[in-house]
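*Asks:* Generate coordinates for the sequence data below:
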Amino acid sequence: MTRYEPAIDVAALDAIDVHVHIEDDGHGGNSLPAELAAAADKYFGAGGPARDIDSVAAYYRERRTAAVVFTVDAETQLHHAPISNEDIVAGAVHNNDILIPFGSVDPHREDALDRIGRLVEDSGVRGFKFHPTVQGFDPSDERWFPLYEAIQDAGIPALFHTGQTGIGAGLPGGYGFRLGYSNPMLLDAVAAAFPHLQIIMAHPSVPWQDEALSVATHKHNTWIDLSGWSPKYFPAELVRYANSIIKDRVLFGSDFPLITPDRWRKDAEQTAFKPEVMPSIMKGNAVRLLGLDR
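*Replies:* Below is the predicted model of the structure:
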């Protein structure tokens, strides 16, 4: 397959959304089992735009917003085949003016390390997405460290879901998912062991927001993306830190399609974000993190 190389005109962009899920492979396949997908849509009140990669690209192109796109490979825990990383990369290659592909590898796979290597070398992915709760793993466990080392060596970021998740919410036992795996304090051990690995802590980390802010303040190889919640519900401390202490490591993310960038930006107008920090949050910080300025 063709290897991804970006052709993004950064100057022409209005924003970079670092958290966009591809949930439809264009052939009827979904990234989640039907029961989980329906429950998530109900929880978030989702609907709206089409979710296949070409439709997502067109949607973001209209908004002059680049999008980091990925799926979540959680086949071991979900017993459900994920959308293909290769399909996502192929779609990003076709839309390389607006899309940036991240890979996703189930850590439990015996060939996880090899898969990461192939996605970096052969496919040109620009980062990796992990969801400890849905994938069912403690990210601080040293058995996963070889995976992080490979990502660090590739010089690309690792994005981890943190905090509560709407996936499984309302289902019996929360579908068996363990929220504690997504406590951002578990990523402190990863950031300490891999100081050159850039770690994105996705979402306001409710109910562990103070832990996320502590990690981000102490470990400057960590970042926070603001996806997954309407900004009008952001904890006040998160907004205060984004305006000051960690303003150079905060990133715009929507969690599309569960939250759209249009809704995020409208609701952000109701927050106390300082106007002077918004250009960095919306685009500048992501440009540096993703190497789009090189």
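*Asks:* for Pro33, what are its contacts?
*Replies:* Neighbouring residues of Pro33 by Cβ atoms under 8 Å, 6 or more residues apart in numbering: Leu78, His79, His80. For every residue, glycine as well, the C-beta is placed using N, CA and C.
*Asks:* now swap in Ala242 and tell me
*Replies:* Residues in contact with Ala242 (Cβ under 8 Å, 6+ apart) are Ile224, Leu226, Val250, Phe273, Val277, Ile281.
*Asks:* Then Asp14?
*Replies:* Arg63, Arg64, Thr65, Met282, Lys283.
*Asks:* The second one: how many residues sit nearby?
*Replies:* One way to gauge burial is a neighbour count; for Arg64, by other Cβ atoms under 10 Å, it gives 12.
*Asks:* What residues of stretch 92-108 count as buried?
*Replies:* 92-93, 95-96, 98-107 (16 or more other Cβ atoms under 10 Å).
*Asks:* Turn those residues into JSON lines, including distance to Val72 and pLDDT.
*Replies:* Output for those, formatted as JSON lines (distance: Cβ to Cβ, whole Å; pLDDT from 0 to 100):
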{"residue": "Ala92", "distance to Val72": "16", "pLDDT": "98"}
{"residue": "Val93", "distance to Val72": "21", "pLDDT": "98"}
{"residue": "Asn95", "distance to Val72": "20", "pLDDT": "98"}
{"residue": "Asn96", "distance to Val72": "22", "pLDDT": "98"}
{"residue": "Ile98", "distance to Val72": "21", "pLDDT": "98"}
{"residue": "Leu99", "distance to Val72": "17", "pLDDT": "98"}
{"residue": "Ile100", "distance to Val72": "17", "pLDDT": "98"}
{"residue": "Pro101", "distance to Val72": "14", "pLDDT": "98"}
{"residue": "Phe102", "distance to Val72": "10", "pLDDT": "98"}
{"residue": "Gly103", "distance to Val72": "11", "pLDDT": "98"}
{"residue": "Ser104", "distance to Val72": "5", "pLDDT": "98"}
{"residue": "Val105", "distance to Val72": "10", "pLDDT": "98"}
{"residue": "Asp106", "distance to Val72": "9", "pLDDT": "98"}
{"residue": "Pro107", "distance to Val72": "12", "pLDDT": "98"}
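*Asks:* Reformat the residues you listed as TSV; add distance to Pro204 and secondary structure.
*Replies:* Shown next, in TSV, are these (distance: Cβ to Cβ, whole Å; DSSP: H, G, I helix; E, B strand; the rest coil):
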residue	distance to Pro204	secondary structure
Ala92	27	helix
Val93	33	helix
Asn95	29	coil
Asn96	31	coil
Ile98	26	coil
Leu99	25	strand
Ile100	23	strand
Pro101	25	strand
Phe102	20	coil
Gly103	25	strand
Ser104	22	coil
Val105	26	coil
Asp106	26	coil
Pro107	24	coil
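*Asks:* Which SSE is immediately downstream of the lowest-mean-pLDDT helix or strand in the chain?
*Replies:* In the chain, no helix or strand scores lower on mean pLDDT, DSSP states H and E than helix 34-44, which sits at a mean of 79. Counting by DSSP states H and E, the next helix or strand C-terminal to helix 34-44 is helix 53-62.
*Asks:* and after that following helix, which helix or strand comes next?
*Replies:* Downstream of helix 53-62, the next assigned helix or strand under DSSP H and E is strand 65-70.
*Asks:* Any buried residues in the helix or strand following that following strand, and which?
*Replies:* Counting by DSSP H and E, the element after strand 65-70 in chain order, helix or strand, is helix 75-78. Residues of helix 75-78 classed as buried by neighbour count (16+ other Cβ under 10 Å): Gln77, Leu78.
*Asks:* Right, I'll leave it there.
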